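[1] One predicted model, sequence on top.
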Amino acid sequence: MAEFIPQPSCADAHEPNSLSISQATQRITDLILPITESETRSLRDALDFVLHTDIISPINVPPHNNSAMDGYAIHGSDITSDKFSLRQVGIAYAGQPFDGAIQQGECIRIMTGAMMPADCDTVIMQEHVEVNDTLITIHGLHQHGQNVRMAGEDLKFDEAVLSEGHKITPADLGLIASLGIAELTVKRRIRVAFFSTGDELRSIGEELQAGEIYDSNRYTLHGMLSHLNVEIIDMGVVPDQKQALREALQQASEQADVVLTTGGVSVGDADYVKEMLTELGKVDFWKIAMKPGRPLAFGTINNTLFFGLPGNPVSVMVTFYQFALPALLQLSGEAAPVKQLIQVNCVSPIRKRAGRFEFQRGILFQDNHGVTQVKTTGEQGSGILRSMSIANCFILLEEQCDGIEPNTIVTVQPFSGLI
Ligand code: AMP
Ligand code: MG
């Protein structure tokens, strides 16, 4: 008699051989070696790239002590009472320092950003000053040393400013420009190839015949990958035929660092992805105790990482976001990002059976008092892609949770700009 081998089924809440999300994540993390190849890019073109080396400041920023205000640069020791007068002997603009001497009892007019004269250590805002030709009278209480920005206050010479593994943001472009650095050594962009599998799939622009549907997974994957700094190789739709799958997988793995497929990883009669992968590479085939999203295939074909995502459109987005995305970041050499989770009140009741971790689609909104709350998007079927379109977060429900009443605090994972 044939041995009975339990297989993953998306309908079964209690699957004894399922991996937890953290176990699956750990197995992926353990297998990835971040890329080591680097390239030199000009500053602007380095946006969204990952630093290959630390950036060490070659200068002090600001390079010199300078005024934080439009006003008058004085000797702090001249502040003796809440009303005193000084003689103005010159003027300093940003980029045009005053190079004369300033004695006690004297001052200069100074603009914001202008270099502080060596003699002075304090700036009085012009709003506190009465001017009578070259005689200025200062009112109010002032402190020695006020309104001066010190050299190196932002960045110090020889200080590590940004570390290897940091992804360059718009703020970093400005920061690095302030150091006078024109080129960066960054890690090369990783290449990600993907295709959809399924005899029923047509691409947009084609006529649908009976039983056919439009391929949506390639478009959501294209969108999510486009928001990452990766090279995208879209390989189209591959039919449920072993030879076609074999060729597509081989070709994809030769061109890319990561191959993503959707569909064909379940236990239907035309689900050949698992078989072809076992033939071509080393593959783990997992049932994950989550909804939506199981099963998932993960492994390698030669040196290429492989993710066989499920076919259902919502499952594709959830498994991509929870597993493939962190893996892509790790492979890119990016330092692990902090997972952004928030606790908020959920106004909707949620039906759920204990047994699997669920990623329900939610909408964060502000109530009439400006307090952030969350509600579900409604029907949560894994084929209902509209739930992802209108959602702006996942509501995370632990395995043991068996549903929630309205007005319960839940954990929410807001979508990053990716979805
Ligand atoms: P499978 O895992 O191949 O059995 O697919 C599960 C479900 O997802 C089926 O209803 C498929 O028709 C659907 N599906 C698979 N791939 C896609 C795709 N690329 N776009 C839209 N639906 C898909
Ligand atoms: Mg299929």
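    That came through fine. Ligands and ions are numbered 1, 2, ... in the order given.
[2] what are the ranges of the strands in the stretch 1-150 of the chain?
    Taking DSSP state E, counting those that start in this stretch as the criterion, the stretch 1-150 of the chain contains strands spanning 38-42, 55-56, 66-67, 71-74, 83-92, 106-110, 122-125, 129-132, 135-139, 148-149.
[3] Can you say which of those is nearest to ligand 2?
    strand 38-42 (38.7 Å; C-beta to the ion). (Glycine included, C-beta is placed from N, CA and C.)
[4] rewinding a little: deepest of the strands of the stretch 1-150 of the chain, which one?
    With neighbours taken as mean count of other C-beta atoms under 10 Å, the strands of the stretch 1-150 of the chain reach their highest mean count in strand 71-74, at a mean of 26.
[5] tell me what that strand is packed against?
    strand 83-92, strand 106-110, strand 122-125, strand 135-139 (3 or more C-beta pairs under 8 Å, 6 or more residues apart in numbering; DSSP states H and E).
[6] chain center to the third one, what's the gap?
    When you say that, I think you mean strand 122-125. Put simply, strand 122-125 sits 42 Å off its chain's centre (C-alpha atoms, centre = their mean, to the nearest Å).
[7] Strand partners (parallel or antiparallel) of that strand?
    strand 71-74 (antiparallel) (DSSP bridges).
[8] Kindly report the same for the second one.
    Partner strands and pairing direction for strand 106-110 (DSSP bridges) are strand 71-74 (antiparallel), strand 83-92 (parallel).
[9] Kindly export it (C-alpha atoms) in CSV.
    The C-alpha coordinates for strand 106-110 follow below in CSV (Å, rounded to 0.1, in the frame of the first residue of the first chain):
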residue,chain,number,x,y,z
GLU,A,106,33.5,97.0,19.8
CYS,A,107,31.4,94.7,17.7
ILE,A,108,30.6,93.9,14.1
ARG,A,109,27.4,93.4,12.2
ILE,A,110,27.1,89.7,11.3
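[10] residues in contact with it?
    For strand 106-110, the surrounding residues in contact (C-beta atoms under 8 Å, 6 or more residues apart in numbering) are 67, 70-75, 78, 86-92, 98, 102, 116-117, 120, 123-124, 136.
[11] again, only using 6 Å
    67, 72-74, 86-92, 98 (C-beta atoms under 6 Å, 6 or more residues apart in numbering).
[12] Any regions of the stretch 1-150 of the chain where pLDDT drops low?
    Applying pLDDT under 70 to the stretch 1-150 of the chain flags residues 1-16.
[13] How about the residues of it by ligand 2?
    Within the stretch 1-150 of the chain, no position lies close to ligand 2 (C-beta under 5 Å from the ion).
[14] Generate a markdown table for the strands paired with strand 106-110, with distance to ligand 1 as supplementary columns.
    Below are these laid out as a markdown table (distance: least, C-beta to the nearest ligand atom, whole Å):
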| stretch | distance to ligand 1 |
| --- | --- |
| strand 71-74 | 65 |
| strand 83-92 | 66 |
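[15] quick one: residue 295 from residue 271, how far?
    Distance from residue 295 to residue 271, counting by C-beta to C-beta, to the nearest Å: 10 Å.
[16] Which one's more surrounded, the two?
    Remark: of residue 295 and residue 271, residue 295 carries more neighbours, 24 against 18, as counted by other C-beta atoms under 10 Å.
[17] Which two among the contacts of strand 106-110 are spaced furthest apart?
    Spanning the widest gap among those are 67 and 87, at 18.8 Å by C-beta to C-beta.
[18] top helix in this protein by residue count?
    helix 242-255 (DSSP state H).
[19] quick check, the following helix or strand past it touching ligand 1?
    For helix 242-255, the following helix or strand on the C-terminal side (DSSP states H and E) is strand 258-262. Yes: Strand 258-262 comes into contact with ligand 1 (C-beta under 6 Å from any ligand atom), by way of residue 262.
[20] The next helix or strand after strand 258-262 to strand 258-262, inter-axis angle?
    Under the assignment DSSP H and E, the closest C-terminal helix or strand after strand 258-262 is helix 273-280. On the basis of axes from the mean of the first three to the mean of the last three C-alpha atoms, to 10 degrees, helix 273-280 is oriented at 150 degrees to strand 258-262.
[21] list the helices and strands helix 273-280 packs on?
    If you count contacts as 3 or more C-beta pairs under 6 Å, 6 or more residues apart in numbering; DSSP states H and E, helix 273-280 packs onto helix 242-255.
[22] average pLDDT for the helix it packs on?
    The average of the pLDDT scores along helix 242-255 is 97.
[23] Please apply the same query to stretch 184-191.
    98.
[24] can you list contacts of that stretch?
    Under C-beta under 6 Å, 6+ apart, the answer for stretch 184-191 is 35, 37-41, 46, 49-50, 52-53, 229-231, 256-257, 331-333.
[25] Produce a PyMOL select command limited to the buried residues of these.
    In PyMOL syntax, the buried subset of those is picked out as below (16 or more other C-beta atoms under 10 Å):
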select buried, resi 35+38+41+46+49+50+52+229+230+256+257+331+332+333
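[26] Okay, residue 149 and ligand 1: tell me how far apart.
    Using C-beta to the nearest ligand atom, to the nearest Å, residue 149 is found at 56 Å from ligand 1.
[27] How about that residue: which residues does it bridge to?
    Here residue 149, judged by DSSP bridges, has bridge partners residue 66.
[28] element containing residue 174, please.
    Assigned by DSSP H and E, residue 174 falls in helix 170-177.
[29] Mind listing what's buried along that helix?
    Those would be 172, 175-176, for helix 170-177 by 16+ other C-beta under 10 Å.
[30] Just the closest of those to residue 342, please.
    For the buried residues of helix 170-177, the residue nearest residue 342 by C-beta to C-beta is residue 172; the value is 25.7 Å.
[31] Would you quantify the distance from the closest one to residue 41?
    For residue 172 relative to residue 41 (C-beta to C-beta), the value is 13 Å.
[32] Same check on residue 242?
    Applying C-beta to C-beta to residue 242 and residue 41 gives a distance of 42 Å.
[33] what do you get for residue 309?
    31 Å.
[34] Thanks a lot, see you next time.
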